[in-house]
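Engineer: Take a look and give me a structure for this.
(2 chains)
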Amino acid sequence: MAGKRKLSERPGGGSSDVQWCFSQVKGAMDDDVAEADIISTVEFNHTGELLATGDKGGRVVIFQQEPESKNQPQCRGEYNVYSTFQSHEPEFDYLKSLEIEEKINKIRWLPQKNAAQFLLSTNDKTIKLWKISERDKRPEGYNLKEEDGRYRDPNSVTTLRVPVLRPMDLMVEASPRRVFANAHTYHINSISVNSDHETYLSADDLRINLWHLEITDRSFNIVDIKPANMEELTEVITAAEFHPDQCNTFVYSSSKGTIRLCDMRASALCDQHAKMFEEPEDPNNRSFFSEIISSISDVKFSHSGRYMMTRDYLSVKIWDLNMETRPVETYQVHEYLRSKLCSLYENDCIFDKFECCWNGNDSVVMTGSYNNFFRMFDRDYRQDVTFEASRENSKPRSVLKPRKISTGGKRKKDEISVDSLDFNKKILHTAWHPLDNIIAVATTNNLYIFQDKLN
Amino acid sequence: MSEQGEEMRTLEEQQEMEDKVISPEKAEEAKLKARYPHLGAKPGGSDFLRKRLQKGPKYFDSGDYNMAKAKMKNKQLPSAPTEKTEITGDHIPTPQDLPQRKTSIVASKLAV
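Structural biologist: A predicted model of the protein is given here:
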């Protein structure tokens, strides 16, 4: 891994050692956002060299980090467009008379095995395996064809000419290699590649299926929480993920705030969980909103595999897999919204699904909020910081200034009052480079890339 | 006896009032109930979840869906003039002669 920078000693969010700087922003500047341009997923590949985004229009755009230039060895390479393709198209479900959106819900990269890159992308119903390959040579000098493809008059062919490979401008091609369809009645919310690199899971509201990457005509159902009588439905699956190195273990979260860990060695159908993680609730504090805000919108294992993180509406919780009774750490993302729940319910914001992510060495976690704010929580130094992704702070290499929200009566200078937060500007998707302090933050239709300042 | 009962009731009311002061969540709940008195007590109930399971508008049939899509496309994209192909009935076209099928899909603005 020559040339790759190791994660710095104190990558943290709030400590004065790390300064986050604007690096790049992708996307249109205009305020009139077409629905198709809304970014719906962001994911780095396993080396961090590639960064993929999916949008509501079913398109995938992949950025590649330029190699560090010899002129500026201390400057990381920029991310430039590497490939873009239409992954999914809108379909019509004839039996239910419903549209199947082309929106890309999740992208997951496969670990690289050869020269080509592979990723899984999914909409509500269909998962596709895409191969992204480079072509930098082409054959020239065919015997029977002209260069433009037309066949030569056979009478004019008097000698044998063997084509030779000549260099050409780099072309990056994306082709769908597998289509995994017709296995989900409900809407797919998660896909997760197993550490065995052969299988992956896909989860919808009520079921989780296990697939083999080579086999598209069948999958195994491993979790089914659909009640016999739909009137008795009380919770749905909100996210699922395989353990990073135990190929038999996966977790799934629910709309009731619980996480179930399942072991595929125990039985073929993992309806019985091996562990259930739930924080006990104070019954006196229960309100109409309690269940809604406890719904887990994202679950992510730490890179170490020892912990997992969950995101509910107001907080991020870190769980030790060895302790089911309560999380080991809880971080408040925007507690000031608790006194706004009524209006957030009315404008549906209370149902927003925020994602969360770990940094490479699991010392810092990050998640998004409203007003294009995003938050980082440093677990080691117990510090947190709020930044804003906006065009105003987009001068190259300008250092991000921490933002403060004023909750009390007195609003200090530079603080933003809760009432002036823009709830249409939400950061739902963020990603952290697996090995370096580079983060990708998606606003509604723009992708921001920030890096820590290198001295 | 009845005095005790009255005392207990006022204690309950006091607790409720304290709750509203202590818990902003409960205050918000009260606000919501005031605005929507018919709102059911259980928000996580099956009706709520079932609505969540079916998202998107329901169309009458595929024709209805295609009409709706066409209307949306007309609004979003300006109509591109159809290309006049050079091929007439004079000769049998080969694949190389035919114009490439133009995709009607607009590229992502992130890829600019």
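Engineer: which intervals of chain B have sub-threshold pLDDT?
Structural biologist: The model of chain B has pLDDT under 70 over residues B:1-22, B:40-47, B:76-88, B:95-105.
Engineer: The same query, at a cut-off of 80, please.
Structural biologist: Applying pLDDT under 80 to chain B picks out residues B:1-22, B:39-56, B:72-105.
Engineer: from it, which residue is nearest to chain A?
Structural biologist: Closest residue of chain B to chain A, Cβ to the nearest Cβ: residue B:24 (3.7 Å). C-beta here means a position set from N, CA and C on the backbone, and glycine is covered the same way.
Engineer: So what touches the helix or strand hosting residue B:25?
Structural biologist: Under the criterion of DSSP states H and E, residue B:25 resides in helix B:24-35. With Cβ atoms under 8 Å, 6 or more residues apart in numbering or on different chains as the test, helix B:24-35 has contacts from A:285, A:287-290, A:338-342, A:345-346, B:19-21, B:39.
Engineer: Ok, stretch A:414-428 next?
Structural biologist: A:336-337, A:340, A:344, A:347, A:349, A:352-355, A:368-374, A:389, A:403-407, A:411, A:441-444.
Engineer: which ones among these are found in strands?
Structural biologist: Mapping the contacts of stretch A:414-428 onto strands (DSSP state E) picks out A:368, A:373-374, A:404-406, A:441-442.
Engineer: number of nearby residues for the residue of chain B closest to chain A?
Structural biologist: Residue B:24: 17 surrounding residues under other Cβ atoms under 10 Å in any protein chain shown.
Engineer: Tell me how far it lies from residue A:281.
Structural biologist: Using Cβ to Cβ, to the nearest Å, residue B:24 is found at 17 Å from residue A:281.
Engineer: Could you count how many residues lie near the residue nearest to residue A:318 when sequence neighbours are not counted?
Structural biologist: Leaving aside its sequence neighbours, residue A:318 sits nearest to residue A:329 (Cβ to Cβ, 6 or more residues apart in numbering or on different chains; 4.0 Å). For residue A:329, the count of nearby residues is 15 (other Cβ under 10 Å).
Engineer: any idea which element residue B:71 lies in?
Structural biologist: helix B:62-76.
Engineer: ok, residues contacting that helix?
Structural biologist: A:34, A:90, A:92, A:94, A:97, A:99, B:59, B:104.
Engineer: again, only using 7 Å
Structural biologist: Around helix B:62-76, the neighbours that count as contacts under Cβ atoms under 7 Å, 6 or more residues apart in numbering or on different chains are A:34, A:92, A:94, A:99, B:59.
Engineer: before we move on, what about stretch A:93-107?
Structural biologist: A:40-41, A:43, A:52, A:54-58, A:60, A:87-92, A:119, A:121-125, A:188-191, B:56, B:58-62, B:65.
Engineer: Select only the buried ones of those in PyMOL?
Structural biologist: The PyMOL command for the buried members of the contacts of stretch A:93-107 (criterion: 16 or more other Cβ atoms under 10 Å in any protein chain shown) is given here:
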select buried, (chain A and resi 40+41+43+52+54+55+56+57+58+60+87+88+91+92+119+121+122+123+124+125+188+189+190+191) or (chain B and resi 59+65)
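Engineer: quick one on the thing from earlier: among the contacts of helix B:62-76, which are located in strands?
Structural biologist: Per DSSP E, those map to strands at A:92, A:99.
Engineer: Nearest to residue A:76 among the contacts of helix B:62-76?
Structural biologist: Set against residue A:76, the nearest of the contacts of helix B:62-76 by Cβ to Cβ is residue A:34 (31.4 Å).
Engineer: Now do the phi/psi pair for that closest one.
Structural biologist: phi -70, psi 140 (degrees, to the nearest 10).
Engineer: on that earlier part again, which of the contacts of stretch A:414-428 are buried?
Structural biologist: Buried subset of the contacts of stretch A:414-428 (neighbour count, 16+ other Cβ under 10 Å): A:336-337, A:340, A:344, A:349, A:353-355, A:368-374, A:389, A:403, A:405-406, A:441-444.
Engineer: Cool, thanks, talk later.
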